[in-house]
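A.B. asks: how would this look folded up:
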Amino acid sequence: MAEHTYRVLVRGRFADLTDDQRAHLREHLKGFDFLRDGGFSEEGALFFDEKLDFFSYRVILTAEKDAADAGLRRATAAIDALGVDYRGLRATVTDMDEMKINRPKRLA
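C.D. replies: The predicted structure follows:
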C-alpha cells in the first residue's frame, strides 16, 4: 500500500483545570496569531482560545494507514506536555492525495 499525505484534526475538551493550569495555558496564548499560526503543519500544533474549554490539534502526516491513530497519539503527547487533563478526543482525517481539485476553466 502506498503512503498518502493526511491532514488530521483532533478535537477535544480540557477537563478539571486548576487556576494555575488556566494561568499557564493563557501564557501560551500571548503572541499567538491564529490567522498566521493556525494552519496544519508537519510538526503539529495545539490550538485553543482564552475560554479554555475546547482545543484542536492540527498535523500533516504521511502514512500508509492509521493516520487517525497517529494523530491521536501526537495530540495526546502535546496535551500531556502541558500537564492538563482532557476528554472527548476525536480525530477527523482528510486524505490530501485523493482530494479533487477544481481548477478554473479558461475563458476563450
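
A.B. asks: Would you map the strands across the protein?
C.D. replies: 4-15, 45-48, 54-63, 85-95 (DSSP state E).

A.B. asks: I'd like the ones you listed as TSV, with mean pLDDT and mean neighbour count appended.
C.D. replies: Yep, even glycine has a C-beta here, placed from its N, CA and C like the rest. Formatted as TSV, the strands of the chain follow (pLDDT from 0 to 100; neighbours: other CB atoms under 10 Å):
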stretch	mean pLDDT	mean neighbour count
strand 4-15	94	18
strand 45-48	89	18
strand 54-63	91	18
strand 85-95	93	14
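
A.B. asks: got the contact list for the residue lying closest to Arg11 once chain neighbours are set aside?
C.D. replies: Using CB to CB, 6 or more residues apart in numbering and skipping the chain neighbours, the partner closest in space to Arg11 is Ser56 (5.0 Å). Applying CB atoms under 8 Å, 6 or more residues apart in numbering to Ser56 gives the contacts 9-12, 46-48.

A.B. asks: quick one on the thing from earlier: tell me which of the strands of the chain sits nearest to Leu25.
C.D. replies: strand 45-48 (6.9 Å; CB to CB).

A.B. asks: by contact count, what packs against that closest one?
C.D. replies: Where contact means 3 or more CB pairs under 8 Å, 6 or more residues apart in numbering; DSSP states H and E, strand 45-48 is packed against strand 54-63, helix 67-82.

A.B. asks: What lies in contact with that strand?
C.D. replies: Contact partners of strand 45-48, identified using CB under 8 Å, 6+ apart, comprise 14, 25, 29, 34, 37-38, 54-59, 75, 78-79, 82.
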